[in-house]
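Engineer: need coordinates for the following:
(one chain, ligands or ions: 1)
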Amino acid sequence: MKKTKYIVLISILSLLLAWMMGGCAGCKKTPVLLSISPTSGPETGGTPITLTGENFKEGATVTVGGSAATNVTVVSKIEMTAVTPPGSVGSVDVVVRNPDVEQASGPQTFTYTDATPPTVISTTPADGASPDYTDPVDTGVAIGATFSEPIQQGSVTMTVAMETLPDALTTASGDIPGTVNYDSDTTISFTPSVNMKAARRYTVSISGAKDVAGNEMSGTHTFSFELKTPKRITGWYTGKEGETLKSIADRPDIYDDESKWKKIVRDTQDQEAYMFRRDSKRLKVFIK
Ligand SMILES: [Ca+2]
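Structural biologist: Predicted coordinates for the structure are as follows:
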């Protein structure tokens, strides 16, 4: 009798074990993502990647940074291939989901690298502007540009070409010498080493700017502006107080300093041959 009891007990246990094993054989297994190769690629997407792990099942999907990868192929239970979608620069999660398991594996990370070259997004002066120089003793205006993202110091080539406008008295032209300043990560400026002159069109060319990742701007960005002659002077010109040769008479510090009149005339008229006379209220300039 005792032996029969054991047989019954073993039989029940065997049936229970068989039922449990049968049940597990049908269990839905969570895929396990162990590694990705390569682990980085451009933000534009299109990088073929190989995923290795366990329990990959036909119909599994892959997301990279939350976006669906394309060309997903389940090669085997331990290998898949896919192509990255476009993404944003930085590290993002890569997740595999089997068609019958909501629970996601991983994640492993993929790093999107910067593939976008910098561009010029604004300039000073604006393209086509005719700015007034605010200081009549110095004809120059600020020249600069802002980029779409931080750029490498020293990467920019910036030239400022000068052309003569019809109302100029002389025809000096050519590139003006100066230095490029890196004022911030995204802004540059140009400091001429000679006086800028009125009655000129200035064309600024910017090229070569590289972002931190080394992407170089495409082509050359150009913009132009004009510094107009405030008033063309021929023969005797009488500057009235408040009217000015641009604004000699506006400012006592200039009106009372003959060396500044000469500089203003030289910068604005390109004219070395001139004479001044002034009385208490008027300044007379003679351009030969
Ligand atoms: Ca970039």
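Engineer: does Ser259 lie in a helix or a strand, and which?
Structural biologist: Using DSSP states H and E, Ser259 falls within helix 258-269.
Engineer: need the contact list for the nearest residue to Val62 once chain neighbours are set aside.
Structural biologist: Spatial nearest neighbour of Val62, excluding adjacent residues (CB to CB, 6 or more residues apart in numbering): Ala69 at 4.1 Å. The C-beta positions use only the backbone N, C-alpha and C, and glycine is treated the same way. With contact taken as CB atoms under 8 Å, 6 or more residues apart in numbering, Ala69 is in contact with 49, 61-63, 82-85.
Engineer: nearest to the ion among these?
Structural biologist: Nearest to the ion among these, counting by CB to the ion, is Thr84 at 17.7 Å.
Engineer: ok, now which ones touch the closest one?
Structural biologist: 41, 45-47, 49, 64, 69, 110, 112.
Engineer: for Val74, same thing?
Structural biologist: By CB under 8 Å, 6+ apart, the residues touching Val74 are 56-60, 80.
Engineer: which parts of the stretch 101-250 of the chain sit against the ion?
Structural biologist: 114, 116, 211, 215 (CB under 5 Å from the ion).
Engineer: burial check on the closest residue to the first one other than its chain neighbours, number of neighbours?
Structural biologist: Sequence neighbours aside, Ala213 is the residue nearest to Asp114 in space, at 3.8 Å (criterion: CB to CB, 6+ apart). Other residues lying near Ala213 total 16 when counted by other CB atoms under 10 Å.
Engineer: surely Val94 is in contact with Pro107?
Structural biologist: Yes: assessed by CB atoms under 8 Å, Val94 is found in contact with Pro107 at 5.7 Å.
Engineer: of the two, which one has the most company?
Structural biologist: For Val94 versus Pro107, neighbours defined as other CB under 10 Å are more numerous around Val94 (22 against 15).
Engineer: per-residue confidence averaged over stretch 149-162?
Structural biologist: Mean pLDDT, stretch 149-162: 96.
Engineer: find the nearest non-adjacent residue to whatever residue of the stretch 151-288 of the chain ends up closest to the ion, please.
Structural biologist: Among the residues of the stretch 151-288 of the chain, Asp211 lies closest to the ion, at 3.7 Å counting by CB to the ion. Nearest residue to Asp211 in three dimensions, chain neighbours excluded: Pro118, at 4.7 Å (CB to CB, 6+ apart).
Engineer: what strand or helix carries that neighbour?
Structural biologist: Using DSSP H and E, no helix or strand contains Pro118.
Engineer: for it, grab the count of nearby residues.
Structural biologist: Neighbour tally, Pro118, other CB under 10 Å: 24.
Engineer: Thr81 is in contact with Ile49, correct?
Structural biologist: Yes: assessed by CB under 8 Å, Ile49 is found in contact with Thr81 at 7.1 Å.
Engineer: of those two, give the one with the bigger neighbour count.
Structural biologist: Ile49 (22 against 15).
Engineer: filter the contacts of Thr84 to the buried ones?
Structural biologist: 41, 45, 47, 49, 64, 69, 110, 112 (16 or more other CB atoms under 10 Å).
Engineer: closest one of those to the ion?
Structural biologist: Relative to the ion, and with distances defined as CB to the ion, the nearest of the buried ones among the contacts of Thr84 is Tyr112, at 11.5 Å.
Engineer: host element of the closest one?
Structural biologist: strand 108-113.
Engineer: tell me the helix or strand right after that strand.
Structural biologist: Using DSSP H and E, the helix or strand that follows strand 108-113 in sequence is strand 120-124.
Engineer: just the buried positions in the next helix or strand after that following strand, please.
Structural biologist: Remark: after strand 120-124, the chain's next helix or strand is strand 143-147, criterion DSSP H and E. By 16+ other CB under 10 Å, the buried positions in strand 143-147 come out as 143-145, 147.
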